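A.B. asks: The amino acid sequence is not available; the structure is as follows:
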């Protein structure tokens, strides 16, 4: 009798645990997918801001992208500070910066924010939506750097994914669109962004495992925005453009909304990583390449070409293959 009762209780406990795991997994998959969607929205909103004066008529190729990058990241940092203040985590931000993992996150923020995000926006300005899927090869570089520096030897699946990503990049760059004299430079800038995001991922994987991810995201965005606006914008001769943009009103409004979307994307991405693992979280996040291209086609009159469609699909599949086995999406258990 007691044995039967114990067996029944154990079965009930197993059933409840499976239900919790299923709910946990659905939450992780949903937040990961939403992180890709919101980053695609961020990309589109930043491009919209660039259509307004004085950004649209800015001289040179660096000033406008870095003004946009700096203001976007600063706004994202402000939104995240408000979020963390409501959660009672403000004091944690200062304490975290003074720790070694916190310093690793700051170094990752320098690579992923001012350098990578700035290069990404320069790429968008020069190559349009073609730069978006190129930047999504960051998973390839993350795996490559983990192999070189962390001695994490890639599997045959990862190598195959790397080759597929490179093939997709070649397809996108095969036929240059008309009226884009700096197209190749834009693609190179998007590639620089992917490389730096790969390095950031390697560094933040260490720091992020030891500190609160909401706080880590907050530090990343604030640090990136301040470095852009205080150091890089003056170096590229963009102070006048920054002042004009701030006084113009409309581009600032769009960048504030873009910052909200970017901040939300990072929060959702880290939540997904914590629930279904970094591999699946990253795979879902890189779908921003699909959303970014789609929104540019729908709302910004980006021409639809066979190379951008095929290349985008190939890169997204390759990026997923680099970070995980696609069959894991369909497993009933935990990832």
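C.D. replies: Structure received. Not measured: the values here are computed from a predicted model.

A.B. asks: could you say which helix or strand contains residue 58?
C.D. replies: Under DSSP states H and E, no helix or strand contains residue 58.

A.B. asks: wait, isn't it in contact with residue 241?
C.D. replies: Yes: proximity of residue 58 to residue 241 meets the contact threshold set by CB atoms under 8 Å, at 5.4 Å. In this view, the C-beta of every residue, glycine as well, is placed from N, C-alpha and C.

A.B. asks: any shared contact partners between the two?
C.D. replies: Common contact partners of residue 58 and residue 241 (CB atoms under 8 Å, 6 or more residues apart in numbering): 64, 67.

A.B. asks: In this protein, where is pLDDT below threshold?
C.D. replies: The model of the chain has pLDDT under 70 over residues 1-22, 150, 204-209, 277-279, 323-324, 328-335.

A.B. asks: Find the nearest non-adjacent residue to residue 54, please.
C.D. replies: residue 244 (4.1 Å; CB to CB, 6 or more residues apart in numbering).

A.B. asks: check which helix or strand covers that neighbour.
C.D. replies: helix 239-248.

A.B. asks: I'd like to know which elements that helix is packed against.
C.D. replies: Applying 3 or more CB pairs under 8 Å, 6 or more residues apart in numbering; DSSP states H and E, we find helix 239-248 packed against helix 63-86, helix 233-235, helix 250-276.

A.B. asks: just checking, what packs against the last one?
C.D. replies: Same thing as helix 250-276. helix 2-49, helix 63-86, helix 213-227, helix 239-248, helix 278-285.

A.B. asks: got JSON lines for the ones you listed, with mean neighbour count too?
C.D. replies: Compiled in JSON lines, the helices and strands packed on helix 250-276 are given as follows (neighbours: other CB atoms under 10 Å):
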{"stretch": "helix 2-49", "mean neighbour count": "16"}
{"stretch": "helix 63-86", "mean neighbour count": "23"}
{"stretch": "helix 213-227", "mean neighbour count": "23"}
{"stretch": "helix 239-248", "mean neighbour count": "16"}
{"stretch": "helix 278-285", "mean neighbour count": "25"}
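
A.B. asks: out of those helices, nearest to residue 124?
C.D. replies: When those are compared by CB to CB, helix 2-49 sits nearest residue 124, at 6.1 Å.

A.B. asks: Residue 165: what's its closest spatial neighbour, skipping adjacent residues?
C.D. replies: residue 318 (3.7 Å).

A.B. asks: same thing with residue 27?
C.D. replies: In space, residue 27 is closest to residue 275, 5.6 Å off (CB to CB, 6+ apart).

A.B. asks: again with residue 199
C.D. replies: Counting by CB to CB, 6+ apart, residue 199 lies nearest to residue 111, which is 5.0 Å off, once chain neighbours are set aside.

A.B. asks: dump the residue contacts of that neighbour.
C.D. replies: 196, 197, 199, 200, 203.

A.B. asks: hmm, back to that, list of residues touching the helix holding residue 244?
C.D. replies: Residues from elsewhere that reach helix 239-248 (CB under 8 Å, 6+ apart): 52-55, 58, 63-64, 67, 70-71, 229, 233, 251-252.

A.B. asks: Quick check: the farthest pair among these?
C.D. replies: Based on CB to CB, the longest span within the contacts of helix 239-248 runs between 53 and 229 and measures 19.6 Å.

A.B. asks: Show me which of these two is the more surrounded one.
C.D. replies: residue 229 (21 against 12; other CB atoms under 10 Å).

A.B. asks: related to what we said a few turns ago, among the helices and strands packed on helix 239-248, which is nearest residue 225?
C.D. replies: Of the helices and strands packed on helix 239-248, nearest to residue 225 by CB to CB is helix 63-86, at 3.1 Å.
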